[in-house]
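# the sequence isn't on hand, but the structure is:
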Ligand code: PTT
Ligand code: SF4
């Protein structure tokens with residue numbers, strides 16, 4: 001097989017200025033990807049990046065950034081998944097893997113420290129991600145890291161993800177499809193070395209203390225019971241539950257899919273490596289098979305498509321993992337198809353909550369048959385095909401389907417979606433709970449300030465450190481811990497200001513990447529969330545009748561741009577980029 005692997009030396013400059021994870025990914029893509037590269041061409045790069053805290057035995061450090069130019073959005077895309085691959089990449093002596101080219105036939109990439117093999121994967125092609133892990137699990141040691149794709153990735157469904165550990169899935173904007181385009185079915189990685197640390201003894205103590213500290217957090221035990229699933233009730237109470245394609249904000253069967261119902265059928269907890277607050281809730285589905293539930297998956301494959309039975313939701317969720325779809329985008333394209341069917345815009349009949357019809361349609365999407373082929377391109381593209389005003393209720397930003405918060409009454413969260421660095425994802429900024437306490441009706445500078453601080457912390461720092469943000473965001477594990485970990489790991493004492501500067505640099509370079517890729521098609525309209533939230537009032541619940549105000553949203557967007565140092569079109573100014581040490585980006589964007 002004509003494939004080769006080449007180690008690149010460690011670059012201190014890159015590490016100090018971009019830290020790791022998302023920082024490495026965007027710097028590599030910016031420097032090496034030619035503008036206009038087709039995401040499915042061999043030239044596109046698929047990056048698996050760790051950070052300076054990844055893999056070390058400290059709280060929640062088994063995380064991996066998977067990044068590429070996205071086939072779903074055409075811009076920067078990434079995801080952050082929990083996997084033993086994260087730990088093993090570092091133990092094998094690497095910080096990141098960069099995959100380019102295309103194998104002539106399906107392969108598995110096997111890495112053991114310095115040894116790299118390209119193995120035939122014809123027998124695995126067509127198999128689900130669970131079957132692949134099962135088979136590779138028999139061949140390699142238990143703690144080897146495995147990431148793979150299912151049929152959705154092979155068939156280039158634009159929202160296919162990379163799957164690991166039978167239920168962790170990362171790379172919502174089509175990272176699994178990029179892997180499929182390279183004929184790469186799986187990566188197996190084994191590392192046998194010690195991860196180098198500046199102060200190993202200090203790290204050992206800090207790590208033990210950190211794990212202990214987490215156990216003392218007041219929310220710890222409830223988190224272990226429900227993980228993210230408690231959000232179902234919170235969203236129902238606050239009219240932000242995605243329901244019938246983001247129309248109602250509340251669901252009359254919410255109790256059937258909430259955290260307490262889940263607790264009654266839960267069989268175990270699963271999670272990422274190095275985690276003592278595991279949040280994957282495993283239940284049995286309608287076929288008696290295991291399915292690992294999170295809030296987002298449950299409501300996108302539940303209330304958003306009218307399914308109010310958690311065991312049925314679990315089946316749909318398992319199918320998403322087996323085929324290797326992003327469950328959020330899947331729920332969004334299904335909801336879109338159901339609404340199109342209800343309005344008579346398509347000939348297919350798919351009723352809300354019709355479990356059997358949904359399962360069939362999921363299969364059709366994976367194999368790109370009939371309506372499934374249209375939906376496999378994502379909701380932005382599907383609405384362009386169907387037309388007839390459907391663009392207003394195609395729920396996406398920049399082509400990435402909206403995650404599970406209805407923003408009819410949450411302008412700050414709407415702005416978080418509008419300005420997120422990969423399209424409509426809450427990963428950079430989940431500001432909705434703060435916003436509701438601060439006054440959901442406000443469109444003010446205080447909201448913008450809070451949003452930017454959150455984006456720097458989550459979208460910048462945690463994605464670059466490449467550790468799970470839940471200890472900090474959900475249990476209140478203070479950020480100072482991570483600064484201490486960073487010092488024990490690297491020997492450098494990073495102040496909060498320095499970390500914020502690095503975050504700002506990363507997020508600005510991502511924005512520059514989008515602008516470079518979109519060229520003439522770039523406009524501030526890309527930072528505006530779906531028109532449904534502005535034009536069509538909530539149809540049910542205590543806040544029935546509410547809509548967002550477009551003029552006020554645009555005013556808030558102007559404040560956001562001004563605070564970021566971006567022009568009226570949302571493009572970073574020359575001065576901003578140069579201040580962040582991004583002179584190359586400033587010159588390439590030919591800014592005034
Ligand atoms: C994440 C997105 C989310 S956000 C969820 S549920 W969430 C969905 N999970 C999916 C899944 O599962 N299967 C599937 N086929 N598709 C899925 N799509 C959706 O993907 C995830 C956790 C979660 S659960 C969240 S919020 C946090 N995300 C983190 C992040 O982004 N960064 C970070 N530093 N820490 C994070 N910790 C938490 O990790 P994407 P995972 Mg997923 C089954 O990856 O692309 O980022 O999209 O990674 O290992 O499953 O962990 O209520
Ligand atoms: Fe993974 Fe959940 Fe633990 Fe975070 S809290 S590391 S997402 S299992």
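Now that the structure is in, tell me what you want to look at. It should be emphasised that the depicted structure is a prediction, and the values quoted were computed from it without experimental measurement. Ligands and ions are numbered 1, 2, ... in the order given.
# now residue 51: how far from residue 18?
Residue 51 sits 10 Å away from residue 18, going by C-beta to C-beta, to the nearest Å. C-beta coordinates here come from the backbone N, C-alpha and C atoms, glycine included.
# which of those two has more residues huddled nearby?
Remark: of residue 51 and residue 18, residue 51 carries more neighbours, 31 against 23, as counted by other C-beta atoms under 10 Å.
# quick one: the more buried one from ligand 1, how far?
9 Å (C-beta to the nearest ligand atom, to the nearest Å).
# might one say that that residue is in contact with residue 25?
No. Proximity of residue 51 to residue 25 does not meet the contact threshold set by C-beta atoms under 8 Å, at 10.5 Å.
# before we move on, back to that, are there residues contacting both of residue 51 and residue 18? Which ones?
Counting by C-beta atoms under 8 Å, 6 or more residues apart in numbering, the residues touching both residue 51 and residue 18 are residue 464.
# so what's residue 476 closest to, chain neighbours aside?
Using C-beta to C-beta, 6 or more residues apart in numbering and skipping residues adjacent in sequence, the residue nearest residue 476 is residue 217, 5.9 Å away.
# what's the neighbour count on the one you found?
Here the count is done by other C-beta under 10 Å, and residue 217 has 15 residues near it.
# can you tell me the SS state at it?
What DSSP: H, G, I helix; E, B strand; the rest coil gives for residue 217 is coil.
# what touches both of residue 51 and residue 25?
In contact with both residue 51 and residue 25: residue 65, using C-beta under 8 Å, 6+ apart.
# that older thread, distance check, the residue nearest to residue 476 against ligand 1.
Distance, residue 217 to ligand 1, by C-beta to the nearest ligand atom: 16 Å.
# pLDDT wise, what is that residue at?
In this model, residue 217 is scored at 97, pLDDT.
# for the one 3 residues further on, same thing?
Taken from the predicted model, the pLDDT recorded for residue 220 is 97.
# list the contacts for it?
214, 277, 475.
# selecting buried members of these in PyMOL, what would you type?
In PyMOL syntax, the buried subset of the contacts of residue 220 is picked out as below (16 or more other C-beta atoms under 10 Å):
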select buried, resi 214+277+475
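# show me which of the contacts of residue 220 neighbour ligand 2.
residue 277 (C-beta under 6 Å from any ligand atom).
# ligand 2: which of the contacts of residue 220 is nearest?
Nearest to ligand 2 out of those is residue 277 (C-beta to the nearest ligand atom; 4.9 Å).
# quick one: that closest one is in a helix?
No. Counting by three-state DSSP, residue 277 is not part of a helix but coil.
# quick one, what contacts it?
By C-beta under 8 Å, 6+ apart, the contact set of residue 277 is 59-60, 214, 220, 223-224, 271, 470-471, 475.
# which ones among these come in contact with ligand 1?
The subset of those lying close to ligand 1, counting by C-beta under 6 Å from any ligand atom, consists of residue 470.
# quick one, which of the contacts of residue 277 are buried?
Among those, the ones that count as buried (16+ other C-beta under 10 Å) are 59-60, 214, 220, 223, 271, 470-471, 475.
# would a markdown table of those with secondary structure and distance to residue 463 be doable?
Below are those laid out as a markdown table (DSSP: H, G, I helix; E, B strand; the rest coil; distance: C-beta to C-beta, whole Å):
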| residue | secondary structure | distance to residue 463 |
| --- | --- | --- |
| 59 | coil | 17 |
| 60 | coil | 14 |
| 214 | helix | 21 |
| 220 | helix | 24 |
| 223 | helix | 22 |
| 271 | coil | 19 |
| 470 | helix | 14 |
| 471 | helix | 15 |
| 475 | helix | 19 |
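# between the residues you listed, which is nearest residue 314?
residue 271 (17.4 Å; C-beta to C-beta).
# for the residue nearest to that closest one when sequence neighbours are not counted, give me the pLDDT.
Distance criterion C-beta to C-beta, 6+ apart; nearest residue to residue 271, sequence neighbours excluded, is residue 278 at 2.9 Å. Predicted confidence (pLDDT) for residue 278: 97.
# state the phi and psi torsions of residue 278.
Dihedral pair for residue 278: phi -50, psi 130, per degrees, to the nearest 10.
# flag every residue of the stretch 351-500 of the chain that's near ligand 1.
427, 462-463, 468-470.
# quick check on those residues: which are buried?
Using 16+ other C-beta under 10 Å, the buried ones in these are 427, 462-463, 468-470.
# restricted to strands, list these.
Judged by DSSP state E, strands contain none of those.
# related to what we said a few turns ago, out of the contacts of residue 277, who's nearest ligand 1?
Of the contacts of residue 277, the one sitting nearest to ligand 1 (C-beta to the nearest ligand atom) turns out to be residue 470, at 5.1 Å.
# distance of the closest one from ligand 2?
For residue 470 relative to ligand 2 (C-beta to the nearest ligand atom), the value is 4 Å.
# swap in residue 364?
Distance, residue 364 to ligand 2, by C-beta to the nearest ligand atom: 31 Å.
# and that residue, backbone torsions?
Note on residue 364: backbone dihedrals following degrees, to the nearest 10 are phi -60, psi -30.
# does it really touch residue 357, like I thought?
No. The criterion here is C-beta under 8 Å, and residue 364 misses it with residue 357 at 10.4 Å.
# near residue 114, how many other residues are there?
If you count neighbours by other C-beta under 10 Å, residue 114 ends up with 10.
# so who does it touch?
Residue 114 makes contact with 7, 92-93 under the criterion C-beta under 8 Å, 6+ apart.
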